[in-house]
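> 3D, please:
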Amino acid sequence: FGGRFKIIETIKKRIRDEIGEYVTVSVGLSYNKLLAKLGSGMNKPNGLTVISEKNLEEIYSKVELTDFCGIGEKIKLFNNLKKFYLVLIFPNFSISTSEIYKNFNLRLTKCRKKNYNYIFDKLKFNVTDYLCNDLETVTENKYPDIVKIKDTLLSLGAEGALMSGSGSTVFGLFSSLKEAKNVYESLSKKDNWQLFLAHLLI
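Numbers count the residues shown, from 1 in each chain. This is a model prediction of the structure:
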């Protein structure tokens, strides 16, 4: 077929030839469907946007969360949310989601009561006050490393730390990129942990 760019140009040409010049196509090319769809909405009416790992940060700086397909149209931006950087730690062991839910006691849930009545439009939202994961009631007892990771992140300056989903990854929130990088570099020396540095899209 002559490569991906040749395929794109062939599709564009066939649309022009078989339908007419009045129909244009903007194309997004990337390494996953979400980013390809995002790219297709840029450089309209007849452009081509390539999103790679090299220019991903630049692309993110130009778009809003509402530009993302599948979630953007359902999300209203909350302007009072503080910007955070994340240090994510995977302790090199997996946790069975079915096992966690099998031992999960719904009567011990606290998160719904904690967050249920918050009115986002009226108040300034401090995300660290609302970090909550009821599944930790199960995992922390069976996997003490989860507690160790959370305590480590908090001791190094994280404004909040929480287990992600049913585990076993734990993340810490930092308002300073420099501080997050320092923690990331410091803890990366641990042989039994895998670390990732990220930032929120919002």
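
> Could you use CA atoms for every contact and neighbour count after this?
Will do.

> Wasn't residue 171 part of a strand?
Yes. Residue 171: assigned to a strand according to DSSP: H, G, I helix; E, B strand; the rest coil.

> So it sits against residue 87, correct?
Yes. Applying Cα atoms under 8 Å as the test, residue 171 and residue 87 come out as touching, 5.5 Å apart.

> For residue 105, give its distance to residue 137.
Applying Cα to Cα, to the nearest Å, the value for residue 105 to residue 137 is 9 Å.

> buried stuff in the helix or strand encompassing residue 7?
Per DSSP states H and E, residue 7 falls inside helix 4-18. Of all the residues in helix 4-18, those buried under the rule 16 or more other Cα atoms under 10 Å are 8, 12, 13, 15.

> helix or strand right after it?
With elements assigned by DSSP H and E, the helix or strand that comes after helix 4-18 is strand 27-30.

> so what does that next one touch, helix or strand wise?
helix 33-40, strand 48-51 (3 or more Cα pairs under 8 Å, 6 or more residues apart in numbering; DSSP states H and E).

> what do you get if the cut-off is 10 Å, keeping everything else the same?
Counting by 3 or more Cα pairs under 10 Å, 6 or more residues apart in numbering; DSSP states H and E, the packing neighbours recorded for strand 27-30 are helix 4-18, helix 33-40, strand 48-51.

> Quick one: closest of those to residue 152.
Among these, the nearest to residue 152 by Cα to Cα is helix 33-40 (34.0 Å).

> Now do the buried residues in the closest one.
Within helix 33-40, the residues scored as buried using 16+ other Cα under 10 Å are 35, 36, 37, 38, 39, 40.
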